[in-house]
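Chemist: coords below, sequence missing:
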């Protein structure tokens, strides 16, 4: 269809050239054949060569095929023959495209019908996937909330464990201090017991000495 559109555009442009030439002929007494030969719609298919010598001939050649179309000392004849060639090609292309229009229309209609069916199926599948995605999103949000709750509980438990661990360290330090104090007390007790034993031994010696003195005084 796009090719047909391009051909129609070219055909309309060529027809416009003819109308423009006719208008110029009415206004100026004759068309500007050099300007017509330079028109893009014409020059892209037909190449017009200027005379190589004074009084020489103009010539028109088909650009794609290299076919010589017209050679004349009158530029109007060369341009007109070129226009005829362009119009003949356009007419031929239109005749070739016309039999293809109806099958293309049927193909377009069938394609639209199939696209309609496919679109309905795709929309239904998209809705199902959207519902599934929403469900998964809700499940994920719930799991995230549970994870956050468990994280809070785990954080509190970790904090309690840290506090209890710190309390254990503190009690261990206190126990070490108590053991040190106990060891010092034991050492001090042993020292006192040793000193007490020494004093008791001295007391016994003094008592024996006292008894000996008392006996001596009695006999004297």
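Modeler: Thanks, I have it. Keep in mind that what you see is a predicted model, and the values were worked out from it rather than measured.
Chemist: per-residue confidence for the spatially most central residue of the chain?
Modeler: Taking C-alpha atoms, centre = their mean, the centroid of the chain lies closest to residue 133, which sits 19.6 Å from it. Note on residue 133: pLDDT of 84.
Chemist: separation between it and residue 140?
Modeler: Distance, residue 133 to residue 140, using C-beta to C-beta, to the nearest Å: 10 Å. Every residue, glycine included, has its C-beta placed from N, CA and C.
Chemist: Where does residue 64 sit: helix, strand or coil?
Modeler: coil (DSSP: H, G, I helix; E, B strand; the rest coil).
Chemist: All the helices of the protein, in order from the start?
Modeler: Under the criterion DSSP state H, the chain contains helices at 2-28, 33-37, 40-43, 75-219.
Chemist: Highest mean neighbour count out of those helices?
Modeler: Highest mean neighbour count among these (mean count of other C-beta atoms under 10 Å): helix 33-37, with a mean of 18.
Chemist: Mind giving me the packing neighbours of it?
Modeler: Using 3 or more C-beta pairs under 8 Å, 6 or more residues apart in numbering; DSSP states H and E, the elements in contact with helix 33-37 are helix 2-28, helix 75-219.
Chemist: Where among the ones you listed is average confidence lowest?
Modeler: Taking the mean pLDDT of those, helix 2-28 comes last: a mean of 51.
Chemist: Now distance to residue 56 too, for the helices of the chain, in JSON lines please.
Modeler: Shown next, in JSON lines, are the helices of the chain (distance: least, C-beta to C-beta, whole Å):
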{"stretch": "helix 2-28", "distance to residue 56": "24"}
{"stretch": "helix 33-37", "distance to residue 56": "15"}
{"stretch": "helix 40-43", "distance to residue 56": "20"}
{"stretch": "helix 75-219", "distance to residue 56": "12"}
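Chemist: who wins for proximity to residue 53 among those helices?
Modeler: helix 75-219 (15.3 Å; C-beta to C-beta).
Chemist: which helices and strands does that closest one pack with?
Modeler: By 3+ C-beta pairs under 8 Å, 6+ apart, helix 75-219 packs against helix 2-28, helix 33-37, helix 40-43, strand 46-49, strand 58-62, strand 68-72.
Chemist: any idea how far residue 115 is from residue 108?
Modeler: For residue 108 relative to residue 115 (C-beta to C-beta), the value is 10 Å.
Chemist: What of residue 123?
Modeler: 12 Å.
Chemist: Also residue 199?
Modeler: On the measure of C-beta to C-beta, residue 199 and residue 115 end up 120 Å apart.
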